[in-house]
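Asks: below: sequence and its predicted model.
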Amino acid sequence: MTSTYGLHVPSDEGIFALKAQVMSEPDIERALKRIAYEVIERNKGSQGLVVVGLATGGVKVAEKLCGTLGEISSPKPDFGQLGIAPYRDDVHLRPIPIEEVTSIQVDIDSRTVLLVDDVISTGRTVRAALAALNDFGRPTSVQLAVLIDRGHRELPIKPDYVGKNLPTSREEYVEVTDAGVAILEKVLA
């Protein structure tokens, strides 16, 4: 997969070109700060919170959100990342990415886990993440934060915290990078 808002090839789905840039880096920072305040308000602080980024796209977003939470509340939440490929219901349709790593170094029993992903669409990634999370314990509650919600839900899953609702067609692709968020459209199948 290549990226940088030019031609983009997500796996074998086709070639995509930039349609529109919808968020800049400062926009992402503002959205994450707003989410952080919402998380702190809902949970009455950051005590007992574990931020878990979903591999691969959610890890960077989760790291930034965890840092922001630590800046505005004490203590800084524990952090982990969760690879969900073996738990996906489409594992027979696509190869398991090698780069997915799971690293949760804290006990999540009786804690609040904040799952973080960059983009939510069908909800299948979150379903897989919930199944994977069960291997690490039984949290008191699990909350979901996403930078982008593009709709197209196939499962009854709704994020608790959303940076931006971004309605897109199924033929479009949403790309999140350090530079911002862009909508890409298919130019070649």
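Replies: Looks like it arrived, so ask away.
Asks: need the three-state assignment for I35.
Replies: For I35, the secondary-structure state derived from DSSP: H, G, I helix; E, B strand; the rest coil is helix.
Asks: pLDDT value on it, please?
Replies: According to the model's per-residue confidence, I35 sits at a pLDDT of 98.
Asks: the spatially closest residue to it that is not a sequence neighbour: neighbour count?
Replies: Spatial nearest neighbour of I35, excluding adjacent residues (C-beta to C-beta, 6 or more residues apart in numbering): Y161 at 4.5 Å. C-beta coordinates here come from the backbone N, C-alpha and C atoms, glycine included. Around Y161 there are 22 other residues, counting by other C-beta atoms under 10 Å.
Asks: any idea how far K44 is from Y161?
Replies: Spatial separation of Y161 from K44 under the definition C-beta to C-beta, to the nearest Å is 15 Å.
Asks: sorry, back to before: what sits against the residue nearest to I35?
Replies: In this structure, Y161 makes contact with 35, 38-39, 143-146, judged by C-beta atoms under 8 Å, 6 or more residues apart in numbering.
Asks: hey, what's it bridged with?
Replies: When assigned by DSSP bridges, Y161 has beta-bridge partners A145.
Asks: report the separation between it and V52.
Replies: In this view, Y161 and V52 are 14 Å apart by C-beta to C-beta.
Asks: what touches both of these two?
Replies: Contact criterion C-beta under 8 Å, 6+ apart; no residue bridges Y161 and V52 by contacting each.
Asks: can you read off the pLDDT for the residue lying closest to T168 once chain neighbours are set aside?
Replies: Distances taken as C-beta to C-beta, 6+ apart put R150 closest to T168, at 4.7 Å, once the chain neighbours are dropped. Per-residue confidence at R150 stands at 95 (pLDDT).
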